[in-house]
Structures are given as structure tokens and as C-alpha cells.
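> I'll drop the sequence and a predicted model, then ask my questions.
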Amino acid sequence: MILFDDIGSFPFPKGMNREWITQAIINNDPKFGDVLKSTMQQKIDAGVVIPTYPQFRDMNQMFLEIINDESSQEEPLIVRKEKARILELSALEEVGAQYLKNTGKKLNIRVCVTGPLELYQNQFGGTAYKDVLNAFAKSIDRFIANSIDNAKQFRIATISIDEPSIGINPQIMFSDADIIEALTIATSSSASNKIDTEIHLHSPLHYKLICKVPSIGIIGVESAANPSYLDLIDKKDLVDNDKYLRVGVSRTDIFGMAAVLNEKYATNVWKDPSRLDEIVTEMETPAIISERLQKAYSIFGERIKYAGPDCGLGSWPSQELASRLLKNTGIAIKDFMIKSMQ
């Protein structure tokens with residue numbers, strides 16, 4: 001069984017932007033909750049089996065602003081558990097309650113948290129202070145633990161640690177052992193609660209390092225836009241370390257796909273948004289997405305546990321277009337599963 005999830009970020013509703021979101025949070029504006037609920041419902045309606053809470057905020061600042069708040073700290077950079085709150089999850093309790101009422105089942109959701117190394121790099125750059133990295137890791141684990149403990153109307157099925165710097169940023173000065181230790185600390189609550197724990201990488205170059213993290217069971221690979229990434233991974237390593245993959249099967253690099261259309265039509269498709277529909281009608285169709293999944297499955301078989309878009313959809317021009325990509329992805333995964341059982 002391959003589970004369909006998404007990474008998290010999503011386009012803003014028409015007329016809204018990050019500045020509006022920031023002010024809405026500061027002013028405790030109930031419209032922010034309405035936006036979260038309507039966006040989550042779009043993901044559900046598009047067929048995402050384990051949707052991620054809609055991420056409209058900066059992936060670093062939404063955690064750092066709490067971690068750096070001295071009134072929320074137990075120790076420097078270690079947040080008190082009761083303050084380690086992802087406010088988006090509270091707004092989704094109502095969506096979960098409605099889903100339970102409609103289906104008789106709890107909604108499974110994916111919670112994405114920014115990893116300790118990414119937060120460290122954002123705040124301290126290339127210098128290496130292991131105790132500081134581990135402090136970030138403890139704080140992230142408390143965000144995870146708090147989320148698990150306070151989920152009432154939905155079930156947290158997947159925790160994802162977002163670590164785009166691993167394999168891409170050459171300034172990382174920590175040893176492999178330090179990174180493994182920090183990631184183990186950051187995911188200890190999800191592991192102890194037996195929740196699927198994934199790491200989202202933008203490059204699988206150092207996937208063998210992740211294979212040594214006992215609490216992370218799933219390695220995310222952005223393989224739709226970069227099919228060659230699959231060539232970097234040896235199935236034997238996955239089997240030997242009991243790891244699974246989350247494969248990207250639909251492209252999310254909207255600027256790259258728009259560039260193809262610009263060349264095709266000798267125009268700027270951003271000024272003619274109707275041209276962008278071709279992304280979901282010709283470039284990222286269910287048939288094409290299903291072929292990608294088939295190729296990945298031919299290599300890794302049952303070591304693939306999750307599939308979905310490569311990355312978040314926050315840079316896409318509209319919620320409608322992003323929803324259509326999700327719908328195409330869901331159709332492709334479902335078709336693949338039906339064919340594989342025949």
C-alpha cells in the first residue's frame with residue numbers, strides 16, 4: 001500500500017499574502033483559521049490521504065520566533081513543552097471533527113516541522129556548536145510531542161522533519177555523528193509513539209547518513225523533477241537498515257515548468273495565466289505521474305511507502321491549479337495501486 005501525502009505549503013487564497021497572514025496571527029484574526037480550514041478541505045477534496053497542515057508561514061520563523069522567545073524558554077533555545085505549539089493544528093480540529101462526522105473515521109494528517117540542522121543554519125550559519133544544535137533538536141521534539149498530545153479530532157499519522165540543507169549546503173560543519181544524534185533527539189517522541197517519521201531532503205546525496213538515524217524510517221526523495229536521484233539510492237541500504245522511501249512523483253518546480261511553456265509559446269506565461277493550465281492538462285497528467293511511480297516501484301518495490309508531489313506548492317499561482325495537481329497525483333497513485341494488484 002502506497003500512501004498519498006503532500007509536503008505542506010500551498011498558495012495563498014486570492015488577495016492574501018504572507019504579510020496578511022503575519023498580521024492576522026498578531027491580531028488573532030479568526031479569518032486565519034478560516035483560511036486554514038478551507039485550504040485543508042481542498043487537500044482532502046483533492047484526494048490526499050494524509051494531508052499536511054497548510055503551511056503559509058516561513059518554515060524557519062514559525063518555530064524560531066517561539067524558540068527565541070525568552071518567556072517561552074525552559075533553558076536557552078529549549079522551549080517549554082506547553083509553549084511548543086503549532087497553532088495551525090488547533091484550527092484543524094474543526095476540520096477533523098467534520099471529517100469524522102462525514103466518514104466515521106478520524107482524519108490522518110502529516111505534521112511537518114523544520115529540522116534542527118536547518119534552524120541552526122538559519123540562525124548560526126557555518127560554525128558548529130553541538131550543544132546548540134542539540135538544544136534546537138530538543139525544542140523540535142517538544143513541538144512534536146505537544147502536537148501528538150493535543151490532537152483530539154484527528155490522528156497524526158506522519159511526522160516529517162524538513163532538512164533541505166543536508167546534501168545541498170556545503171557550509172555544514174557538523175560531523176555525521178553530531179547530525180545523527182541531533183536528528184535522533186528531534187524525533188524521539190514520534191518514534192516512541194510509533195508514528196511514521198520521515199525526513200524531507202531536497203537531495204538524497206547523504207541518504208546513507210539518514211539510514212543510521214534509528215528513529216527516522218522514511219526518506220523523502222524529490223524524484224519527479226530529478227529522476228536521477230533514484231540512481232543514488234541502493235535498495236540494499238534500505239533493506240539492511242529497515243528504511244522506506246517517500247518518492248516525489250509529480251513535479252512542483254513551477255518556475256522550471258513555466259520556463260518550458262515560455263519557450264514553447266515565445267511568451268511570458270505569467271502574464272497569461274491560462275497557459276499555465278497546460279501544466280496539469282499535458283505536463284503533469286495522471287498517466288505521466290503514474291509512469292514515474294511505476295519506474296520507482298520497479299527499482300524499490302515495497303520499500304516505497306509514500307508518494308506525492310516533490311515539494312510544497314506555495315509558489316504556485318493559485319490554489320485551484322495546485323489542487324488540480326494534487327488531484328492528478330491522487331488519480332495516478334490510485335490507478336497504479338489498482339494495476340499492481342491485478
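Cool, got the structure. All of these numbers come straight from a predicted model, not from anything done at the bench.

> Model confidence for L232, exactly?
L232 carries a pLDDT value of 96.

> Can you report how many residues lie near it?
The tally of other residues near L232 (other C-beta atoms under 10 Å) stands at 16. Bear in mind the C-beta positions are built from the backbone N, C-alpha and C, glycine included.

> N193 now?
14.

> what residues are up against it?
I148 (C-beta atoms under 8 Å, 6 or more residues apart in numbering).

> Dihedrals phi and psi, it?
In terms of degrees, to the nearest 10, the main-chain angles of N193 are phi -90, psi 10.

> Okay, it and A145: tell me how far apart.
8 Å (C-beta to C-beta, to the nearest Å).

> which SS class is N108?
Recorded secondary structure, N108: strand (DSSP: H, G, I helix; E, B strand; the rest coil).

> you'd agree it is up against A151?
No. Using C-beta atoms under 8 Å, N108 is not in contact with A151; the gap is 10.6 Å.

> If we go by neighbour counts, what in stretch 90-107 is buried?
For stretch 90-107, burial by neighbour count (16 or more other C-beta atoms under 10 Å) applies to A91, L92, V95, G96, Y99, K106, L107.

> Out of the residues you listed, which two sit at the greatest distance?
A91 and K106 (16.8 Å; C-beta to C-beta).

> which residues in the stretch 151-300 of the chain form strands?
Assigned by DSSP state E, counting those that start in this stretch, the strands in the stretch 151-300 of the chain fall at 154-162, 196-200, 218-221, 244-250.

> Rebuild those as CSV, extending it with mean neighbour count, mean pLDDT and distance to D29.
Compiled in CSV, these are given as follows (neighbours: other C-beta atoms under 10 Å; pLDDT from 0 to 100; distance: least, C-beta to C-beta, whole Å):
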stretch, mean neighbour count, mean pLDDT, distance to D29
strand 154-162, 23, 98, 23
strand 196-200, 25, 98, 30
strand 218-221, 25, 97, 33
strand 244-250, 27, 98, 33
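
> Where does pLDDT dip in the stretch 151-300 of the chain?
Counting by pLDDT under 70, the stretch 151-300 of the chain contains no low-confidence segment.

> neighbours around L209, how many?
16.

> these two touch, right, it and I172?
No. Counting by C-beta under 8 Å, L209 sits too far from I172 to count as a contact (10.8 Å).

> residue contacts, F255?
Contacts of F255 (C-beta under 8 Å, 6+ apart): S315.

> just S228 next, same as before
S228 neighbours (C-beta under 8 Å, 6+ apart): none.

> what do you get for the one 4 residues further on?
Shown in contact with L232 (C-beta under 8 Å, 6+ apart): P204, L205, Y207.

> ok, it to L205 distance?
Using C-beta to C-beta, L232 is found at 7 Å from L205.
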